[in-house]
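>>> No sequence on hand, only this structure:
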C-alpha cells in the first residue's frame, strides 16, 4: 500500500493479510493459479510461487510478543488491527481492504499517510527497535530508498540501541543484505552511521566506490558476482564482515573485492595488454570488479576485448610440427597469446614460428 500511495511501481511480490487461516487460503490460490505453496505454520505465513515468476506472500493476521530483544516473536492469531499494530513503521502499517466489510477502503490506524506526505520514517510504538534491533537497519534502508528522513524520536531510539545492531546477529545480517542489495546502500549506510551503528566502513572512498558498483557490473563482458556481496566488501568494516552471520561465499567475495581495489594500481598506467591479461587471469571475478572500481580502467577493456583473444594456432598444431606433448606446449601457447595481445606477432605462420621457438626445448 505504501508504494501505491507514493506512485511507485510495485515489485514482484504482493503481501496479503488474512483474518483467518492464511495457509489454507494460500493453498486455494496456489491450486487455482497452478502455483507452488511454501508454508510456515509456526508463523501462520505462506508464499505462493506463481508460474510467471511473481509471488504472493500471505500472513495470518496476528499479535506478536518478543521474549527478549532480538528473539523470534511468539505469535497468536489476531485481527487486521492487531496485525498492523505489530508492524515496524507507520508507513508500513497501511492496508487496502480487498474483501468483506469496507472492501475498497484504506485502513490507516497509525496515520501512515501523514508520514508519507511529510516523507518520514517513524516507529509505530516506543521500544520497537529494542524488540528487534534489525529494524534500525530497515529504517535506514527505507529512508534511503524513498529519500525520507527518520523522525527525531525514532532516531533517538535507534541511537539508544545501536550497540545491539551487530552483524553476528542473523536477523541484523539478513536485513543488512537487503540494504546492500539496493543502489541506495551508500545513503543507507550513512544513516546507520548517524545513529551509531558501528560496522559501516569509514574509508573516505566508501560512498564513491559503492556508487560505482552498478556501472562496473554493466560493462560489456563483466562477471556477475552478487552486487550486495561487493557492497559488503566496499561498505562494511573487514572485521565486522569476518564474523557476520552471512554465507561464507559472500564473505569471500567481500574480501576479494577489497583485494581488487588494493591491487588496482598494478593495472594502471601504460601496462601492456599481456601484463593485464596475466594479472587478471589470476584474479577472482569479484577482485576484477574491485580493481575496476579502484581505478584500473584496463579491466573493462580486458573483459570486452583481451580476455577472449584466441591465437590462430593450437597445441595440436605444435604436436603436428614435432613438439612432444607436455609443459613446453603450454609455455609456447602462452607466449603466443601474449604476443597477439601486444600486437607483436602477426599471421598464423608468424605465430607458429614464435611458438616453435618458445617450445624448442620440448622437441
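Yes, it's here. Worth saying up front: this structure is predicted, and the values here are computed from it rather than measured.

>>> Least confident secondary structure element in the protein?
Every helix and strand in the chain was compared by mean pLDDT, DSSP states H and E; the lowest is strand 74-77, with a mean of 77.

>>> can you list the residues that contact that strand?
42-44, 60-67 (C-beta atoms under 8 Å, 6 or more residues apart in numbering). For glycine as for every other residue, the C-beta is placed from the backbone atoms N, C-alpha and C.

>>> which residue ranges form the helices in the stretch 51-200 of the chain?
80-85, 112-117, 128-131, 134-146, 152-160, 170-180, 185-194 (DSSP state H, counting those that start in this stretch).

>>> and the longest one with helix 152-160, angle?
Angle of helix 134-146 versus helix 152-160, following axes from the mean of the first three to the mean of the last three C-alpha atoms, to 10 degrees, is 130 degrees.

>>> So, low pLDDT: which residues of the stretch 101-250 of the chain?
The model of the stretch 101-250 of the chain has no residue with pLDDT under 70.

>>> coming back round to it: direction included, what does the least confident helix or strand of the chain pair against?
Strand 74-77 has the following strand partners under DSSP bridges: strand 62-65 (antiparallel).

>>> contacts for the partner strand?
43-44, 73-78, 82-83, 85-86.

>>> again with stretch 195-215
Contacts for stretch 195-215 (C-beta under 8 Å, 6+ apart): 136-137, 140, 150, 155, 158-159, 162-163, 165-167, 183, 185-186, 189-190, 192-193, 227, 230-231, 234-238, 240, 261, 289, 293-294.

>>> got a winner among the contacts of strand 74-77 for most neighbours?
For the contacts of strand 74-77, the largest number of neighbours (other C-beta atoms under 10 Å) sits with residue 60, at 24 neighbours.

>>> Regarding residue 286, which helix or strand does it belong to?
Per DSSP states H and E, residue 286 falls inside helix 285-293.

>>> What residue spans form the domains of the protein?
Here the domain parsing of the chain from automatic domain parsing is 202-303, 315-362.

>>> Put together TSV for the contacts of strand 62-65, with distance to residue 218 on each row.
What follows is those, written out as TSV (distance: C-beta to C-beta, whole Å):
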residue	distance to residue 218
43	38
44	41
73	40
74	45
75	42
76	48
77	47
78	46
82	45
83	40
85	43
86	40
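
>>> Those, buried ones only, as a PyMOL selection?
Applying 16 or more other C-beta atoms under 10 Å to these leaves a buried subset, and the PyMOL line that selects it is:
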select buried, resi 43+44+75+78+83+85+86
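
>>> In three-state terms, label the spatially most central residue of the chain for me.
Closest to where the C-alpha atoms of the chain average out (C-alpha atoms, centre = their mean) is residue 228, at 2.3 Å. Here residue 228 is recorded as helix under DSSP: H, G, I helix; E, B strand; the rest coil.

>>> That one and residue 181 touch, don't they?
Yes: in terms of C-beta atoms under 8 Å, residue 228 counts as a neighbour of residue 181; the distance is 4.1 Å.

>>> okay, now residue 352: neighbour count?
So residue 352, with other C-beta under 10 Å, has 20 neighbours.

>>> quick one: the strands in the chain?
Secondary structure of the chain (DSSP state E): strands at 13-18, 36-40, 45-49, 55-60, 62-65, 74-77, 95-96, 106-107, 120-121, 149-150.

>>> Reformat those as CSV; add distance to residue 326.
Output for these, formatted as CSV (distance: least, C-beta to C-beta, whole Å):
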stretch, distance to residue 326
strand 13-18, 57
strand 36-40, 54
strand 45-49, 53
strand 55-60, 55
strand 62-65, 68
strand 74-77, 67
strand 95-96, 72
strand 106-107, 76
strand 120-121, 66
strand 149-150, 66
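
>>> looking at these, which is closest to residue 336?
Residue 336 lies closest to strand 45-49 among the strands of the chain, at 50.7 Å (C-beta to C-beta).

>>> Next, the residues that contact the closest one from outside, please.
22-23, 26-27, 29-30, 33, 35-40, 55-60.

>>> List only buried entries from the residues you listed.
Here, 16+ other C-beta under 10 Å leaves 22-23, 26-27, 29-30, 35, 37, 39, 56-60 buried among the contacts of strand 45-49.

>>> Need the max-distance pair from the residues you listed.
35 and 60 (18.5 Å).

>>> circling back to that earlier point, of the buried ones among the contacts of strand 45-49, which is the nearest to residue 125?
residue 59 (19.1 Å).

>>> which residues does residue 57 contact?
So residue 57 contacts 13-16, 45-47 (C-beta under 8 Å, 6+ apart).
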